[in-house]
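Participant: Below are the sequence and a predicted model for it; my questions follow.
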Amino acid sequence: MGDEDWEAEIIKPHISSYVPVFEKDRYSSGANGDTFNRTPASSSEMGDGSSRRDHFMRSGFASGRSLGNRDPGESNKRENTSTVGGFGVGKSFGNRGFSNNKFEEGDSSGFWRESSIDCEDNQTRNRGFSKRGDSDYEQDEGTQRSGGIFGSRRSALSGAGNGDTFQSRSGGGSGRGGYKGLNEEVITGSGKNSWKSEAEGGESGDTQGPKVTYIPPPPPEDEDSIFAHYQTGINFDKYDTILVEVSGHDPPPAILTFEEANLCQTLNNNIAKAGYTKLTPVQKYSIPIIQGGRDLMACAQTGSGKTAAFLLPILAHMMRDGITASRFKELQEPECIIVAPTRELINQIYLEARKFSFGTCVRAVVTYGGTQLGHSIRQIVQGCNILCATPGRLMDVIGKEKIGLRQVKYLVLDEADRMLDMGFGPEMKKLISCPGMPSKEQRQTLMFSATFPEEIQRLAGEFLKSNYLFVAVGQVGGACRDVQQTILQVGQYSKREKLVEILRNIGDERTMVFVETKKKADFIATFLCQEKISTTSIHGDREQREREQALGDFRCGKCPVLVATSVAARGLDIENVQHVINFDLPSTIDEYVHRIGRTGRCGNTGRAISFFDLESDSQLAQPLVKVLSDAQQDVPAWLEEIAFSTYGPGFSGNARGNVFASVDTRKNYHGKSSLNTAGFSSTQAPNPVDDESWD
Ligand SMILES: Nc1ncnc2c1ncn2[C@@H]1O[C@H](COP(=O)(O)OP(=O)(O)OP(=O)(O)O)[C@@H](O)[C@H]1O
């Protein structure tokens with residue numbers, strides 16, 4: 001459900017209901033490999049402190065007024081009444097056109113054009129990367145973005161209001177909302193002719209809106225903190241039994257131990273200090289492939305060590321090549337660029353890169369939206385060999401000529417299916433077309449995810465050398481088997497009661513609760529606090545400072561419940577998350593797989609409980625049955641019935657349908673591709689995820 005619906009909701013005479021009707025946006029889900037080895041993974045073995053809102057959350061709402069029987073629509077109505085002036089005066093960026101942008105979206109990109117769907121968020125995305133000054137950038141990151149072709153309907157309601165206790169973030173200044181949607185980093189143009197010319201005028205040119213001044217606290221520097229890690233779980237050794245499929249020409253053999261990787265001593269020390277003694281399957285296969293200079297698309301279950309699978313061989317090469325950070329160069333030219341879709345995830349990857357490069361001359365830097373650009377630049381100019389960035393901020397630092405691309409040898413897309421879908425795909429396309437970026441023949445491109453829809457795999461071909469290798473650990477798109485999945489039939493009006501019941505049983509165990517929209521995240525978090533369940537929330541309408549605070553409070557156990565939108569669905573590796581609750585099921589099965597993958601990581605076990613609402617979730621019944629049965633979970637009879645009735649007698653939960661890209665798509669599509677002009681087949685659009693929930 002988009003904010004537009006909320007708006008409609010509050011304009012209508014309010015009909016009191018326990019929980020408002022949440023009608024989700026529904027989108028459809030959305031080469032030449034020769035050799036084929038399917039072997040078990042161990043082939044040898046077998047052969048600012050907190051916001052007011054946080055304060056209330058932590059204090060269990062002791063002083064908050066009761067919101068229990070009010071729905072978000074009502075609270076927004078109140079909030080809107082009191083803040084509409086503030087949002088109303090938010091600056092319009094409408095005159096910052098993009099029509100002349102050098103990198104304006106083109107049909108040639110092969111990507112879906114945003115304008116083709118009625119989605120405000122998406123309409124902001126293909127806008128070419130801009131070259132902006134700090135003020136411009138920070139305003140974009142930190143303020144609502146309204147006006148112009150992107151419309152401003154959402155901004156009037158974008159405060160995170162949930163009633164009396166929360167104030168919306170004031171008058172447009174810090175109130176996010178605006179249009180931002182799927183992605184955390186949205187590229188805005190400046191109306192100049194090209195990124196180059198914009199850059200030249202960037203710094204002083206645009207003074208609209210307040211700056212983003214948030215500077216994230218530096219991560220701890222002491223060795224213990226850098227190498228802090230959680231224990232692998234009882235099922236870690238079971239990874240060895242997972243079947244691994246490698247396709248593509250002439251793959252190198254897997255390695256079985258870290259020693260076989262022949263890493264330098266410093267790296268080996270760091271691996272040991274990180275508590276890694278044994279390779280996970282994706283590491284066994286990916287490390288030699290990357291060391292062999294090959295491009296790679298790797299798909300492995302959530303929490304199975306994909307980050308180290310790309311970081312270690314890249315660092316090994318850098319060490320071999322004697323890469324050394326050079327301080328105080330105005331233009332830094334990193335050898336490696338890593339992009340990921342959310343700020344928290346890219347920061348996590350950075351911390352991993354910092355850990356593994358500890359004691360070396362290789363310097364990793366992170367930059368992401370919602371933080372002061374000047375701060376990022378100061379970090380970059382101190383030396384940058386590995387740049388970890390969210391897409392929008394990456395384009396900014398490139399546009400500001402703080403980052404040059406000529407030396408890029410490794411381009412890593414983490415959560416690659418997400419990075420290539422209609423949300424980020426155009427931006428990634430622009431990235432590889434940037435001046436200076438080595439062609440795909442001259443760089444190594446590495447893609448990792450737990451899910452890889454076929455259509456996205458096919459788009460990925462544009463980024464990869466034709467002889468790339470495809471590694472599939474287990475079922476591509478399959479759920480982690482260490483997560484015990486339960487699907488409960490719960491109607492929307494009973495969800496809150498059920499949630500409280502479950503959380504009371506769970507006690508203090510760390511739990512992530514996923515909901516569909518940002519406003520609902522606040523609403524449910526507020527409700528739980530009122531119920532004296534210590535809760536915080538993370539979603540794209542929260543300030544970056546608040547997001548980091550929320551995550552910190554959750555990580556340390558201060559708030560054992562984190563209510564989140566899909567912004568927290570991918571990649572986040574938080575110790576001891578024992579439960580995931582899908583208060584609202586997502587609209588796509590891939591999203592479900594990522595969400596439940598926040599628990600059951602690295603051989604640990606976890607539980608996922610999902611509320612299945614007959615009214616709104618039946619389209620998910622069939623893929624859910626498949627995911628459950630593939631992961632050897634109990635499938636409720638009622639769910640099978642729904643799946644059967646939705647899809648008819650041809651449906652078999654165990655049959656391999658088109659739900660997943662079960663193999664390297666170069667096999668499936670060889671010689672029979674039928675792309676439309678946008679680069680997608682006529683039968684299946686790529687998965688847009690749920691726009692509203694991402695930002
Ligand atoms: N070989 C290993 N031994 C011990 N721990 C490991 C090993 N490899 C990775 N880990 C740890 O496992 C956890 C999960 O790793 P990581 O976050 O890279 O998973 P992922 O596959 O990227 O998950 P997701 O699909 O959710 O992004 C991390 O805490 C990481 O430090």
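Facilitator: Now that the structure is in, tell me what you want to look at. Just so we're clear, the structure is a prediction, and the values are computed from it rather than from any experiment.
Participant: can you tell me which residues contact S326?
Facilitator: Q332, G383 (Cβ atoms under 8 Å, 6 or more residues apart in numbering). The way it works is simple: take the backbone N, C-alpha and C, and place the C-beta from them, glycine included.
Participant: my read is E245 is in a strand, agree?
Facilitator: Yes - assignment of E245 by DSSP: H, G, I helix; E, B strand; the rest coil places it within a strand.
Participant: and it, bridged to which residues?
Facilitator: Judged by DSSP bridges, the bridge partners of E245 are R38, A472.
Participant: Give me the nearest residue to the residue of the stretch 351-500 of the chain found nearest the ligand, chain neighbours excluded.
Facilitator: Relative to the ligand, the nearest point of the stretch 351-500 of the chain is A450 (4.2 Å; Cβ to the nearest ligand atom). Closest residue to A450 apart from its sequence neighbours, by Cβ to Cβ, 6 or more residues apart in numbering: T302 at 4.7 Å.
Participant: In three-state terms, label that neighbour for me.
Facilitator: coil.
Participant: What about the residue of the stretch 351-500 of the chain closest to the ligand, how many residues nearby?
Facilitator: For A450, the count of nearby residues is 28 (other Cβ atoms under 10 Å).
Participant: my guess is it contacts C299, does it?
Facilitator: Yes - A450 is in contact with C299 according to Cβ atoms under 8 Å; the separation is 6.7 Å.
Participant: Now the common contact residues for these two.
Facilitator: G477.
Participant: which residues sit in contact with G474?
Facilitator: By Cβ under 8 Å, 6+ apart, the contact set of G474 is I242, L243, V244, A300, Q301.
Participant: can I get these in TSV with neighbour count, distance to Q444 and pLDDT?
Facilitator: Putting the contacts of G474 into TSV (neighbours: other Cβ atoms under 10 Å; distance: Cβ to Cβ, whole Å; pLDDT from 0 to 100) gives the following:
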residue	neighbour count	distance to Q444	pLDDT
I242	21	25	95
L243	14	26	94
V244	22	21	96
A300	29	19	97
Q301	30	24	96
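Participant: near the ligand, from the residues you listed?
Facilitator: A300 (Cβ under 6 Å from any ligand atom).
Participant: Do you know the pLDDT at the residue of the stretch 351-500 of the chain closest to the ligand?
Facilitator: Here, the pLDDT recorded for A450 equals 97.
Participant: Tell me how many other residues surround G275.
Facilitator: Neighbours of G275 (other Cβ under 10 Å): 12.
Participant: Which residue, other than its chain neighbours, is closest to N269?
Facilitator: G359 (7.2 Å).
Participant: burial measure for that neighbour, as a count.
Facilitator: Neighbours of G359 (other Cβ under 10 Å): 13.
Participant: who's in contact with it?
Facilitator: Contacts of G359 by Cβ under 8 Å, 6+ apart are T266, N269, N270.
Participant: Compare those residues and tell me which is most surrounded.
Facilitator: Counting neighbours by other Cβ under 10 Å, N270 leads the contacts of G359 with 22 neighbours.
Participant: what about that residue, helix or strand, and which?
Facilitator: helix 265-273 (DSSP states H and E).
Participant: Going C-terminal from that helix, what's the next secondary structure element?
Facilitator: helix 281-291.
Participant: From K518, how far out is the closest residue to the ligand within the stretch 101-250 of the chain?
Facilitator: Here the residue of the stretch 101-250 of the chain nearest the ligand is T232; by Cβ to the nearest ligand atom that distance is 4.8 Å. Look at T232 and K518: by Cβ to Cβ, to the nearest Å, they are 34 Å apart.
Participant: just D630 next, same as before
Facilitator: 32 Å.
Participant: what about those two, which has more around it?
Facilitator: K518 (28 against 20).
Participant: Run a quick check on the more buried one versus G540, I expect a contact.
Facilitator: Yes - applying Cβ under 8 Å as the test, K518 and G540 come out as touching, 6.0 Å apart.
Participant: Show the average pLDDT along stretch 548-563.
Facilitator: Averaging pLDDT along stretch 548-563 gives 97.
Participant: Pull out the buried residues from it.
Facilitator: Neighbour-count burial for stretch 548-563, counted by 16 or more other Cβ atoms under 10 Å, picks out E548, Q549, A550, L551, D553, F554, R555, C559, P560, V561, L562, V563.
Participant: is any part of that stretch close to the ligand?
Facilitator: No - under the criterion of Cβ under 6 Å from any ligand atom, the ligand is not reached by stretch 548-563; the shortest gap measures 12.2 Å.
Participant: Could you list the residues in contact with that stretch?
Facilitator: With contact meaning Cβ under 8 Å, 6+ apart, stretch 548-563 is reached by 48-51, 54, 57-58, 216, 344, 503, 508-515, 521-522, 524-525, 528, 533-538, 542, 568, 572, 574-576, 583.
Participant: so of the residues you listed, which ones are in strands?
Facilitator: R510, T511, M512, V513, F514, T535, T536, S537, I538 (DSSP state E).
Participant: roughly how far apart are the fifth one and H539?
Facilitator: Looking back up the chat, that one is F514. For F514, the distance to H539 - Cβ to Cβ - is 10 Å.
Participant: cool, and the first one?
Facilitator: R510 sits 18 Å away from H539, taking Cβ to Cβ as the criterion.
Participant: Neighbour count: those two, which is higher?
Facilitator: H539 (28 against 22).
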